[in-house]
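In: give me the fold of what follows.
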Amino acid sequence: MKGLRTAGAAALIAVALAGTSHALRADESDPLPVPTGTPREHAVIAYNAGVRLLVEKRYAEAQAGFEAALALDERLAEAHNNLAFSLRMQGREHLARALRHYDRALELKPDLAQAYLYRGVLFTQMGDLTRARADYERLRSLDRHRAAQLEAAIERRAAGDGSAGVAPQYE
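Out: Coordinates of the predicted model:
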């Protein structure tokens with residue numbers, strides 16, 4: 001399994017280094033600067049390749065990119081967050097695993113506003129409005145725009161609208 005992860009990470013790094021035809025928007029905040037010459041370098045390259053796939057809504061492939069990044073650096077909070085997002089976008093059967101990764105992202109980086117937003121949306125999808133509201137309260141002090149998005153998702157769910165999801169910033 002470890003050999004497979006390493007091979008997967010190498011393939012993603014090659015894709016990232018080769019570039020893609022899809023340019024990220026200027027306001028995209030998810031790609032991370034690559035810390036060259038550090039142990040984290042290859043993890044960030046794999047992560048950024050996953051972000052490119054996520055932007056293209058290729059969620060299963062993005063999942064593999066984030067998993068490769070985490071195999072190289074388990075402490076990369078952004079990779080846990082985006083892995084959780086890619087899992088959540090693949091269906092309800094992945095929600096429990098997504099929650100574990102949102103929790104880990106926030107354990108590693110307690111001020112990661114995007115993770116509070118998307119975990120709050122996950123809670124609305126699970127019907128747990130109490131925990132969604134707790135994430136909303138925390139998010140209000142971090143990012144008012146994202147807090148408003150989560151508030152709207154909670155209100156839709158509370159009103160009985162099953163489409164409580166929040167459009168990702170990639171759209």
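In: for residue 127, phi and psi?
Out: phi 80, psi 10 (degrees, to the nearest 10).
In: look up how far residue 92 lies from it.
Out: Remark: distance between residue 127 and residue 92 (CB to CB, to the nearest Å) = 11 Å. To be clear about C-beta, it is placed using only N, CA and C from the backbone, and glycine gets the same treatment.
In: now the helices for the protein?
Out: 2-18, 41-55, 59-72, 77-88, 95-108, 113-126, 129-140, 144-158 (DSSP state H).
In: ok, of those, where does mean pLDDT dip lowest?
Out: In terms of average pLDDT, helix 2-18 trails the rest of the helices of the chain, at a mean of 42.
In: so who does residue 133 touch?
Out: Contact analysis of residue 133 by CB atoms under 8 Å, 6 or more residues apart in numbering lists residue 154.
In: residue contacts, residue 109?
Out: 77, 78, 115.
In: of those residues, closest to residue 51?
Out: Within the contacts of residue 109, the smallest distance to residue 51 is 8.6 Å, found for residue 78 (CB to CB).
In: quick check: the closest one touching residue 112?
Out: Yes - taking contacts as CB atoms under 8 Å, residue 78 lies within contact range of residue 112: 7.3 Å.
In: looking at those two, which one has more neighbours?
Out: For residue 78 versus residue 112, neighbours defined as other CB atoms under 10 Å are more numerous around residue 78 (24 against 20).
In: ok, now how distant is the residue nearest to the spatial centre of the chain from residue 100?
Out: Centroid check for the chain by CA atoms, centre = their mean gives residue 82 as the closest residue, at 1.6 Å. From residue 82 across to residue 100, the span is 14 Å (CB to CB).
In: what's the answer for residue 79, then?
Out: Residue 79 is 13 Å from residue 100, by CB to CB.
In: can you list the domains in the chain?
Out: Domain assignment for the chain, taken from automatic domain parsing, gives 1-92, 111-165.
In: which one of those domains lies closest to residue 104?
Out: Nearest to residue 104, of all the domains of the chain, is domain 1-92, at 4.6 Å by CB to CB.
In: sorry, back to before: the closest residue to the residue nearest to the centre of the chain other than its chain neighbours: neighbouring residues, count only.
Out: Ranked by CB to CB, 6 or more residues apart in numbering and with sequence neighbours excluded, the top spatial neighbour of residue 82 is residue 66, at 5.3 Å. Neighbour count for residue 66, taken as other CB under 10 Å: 29.
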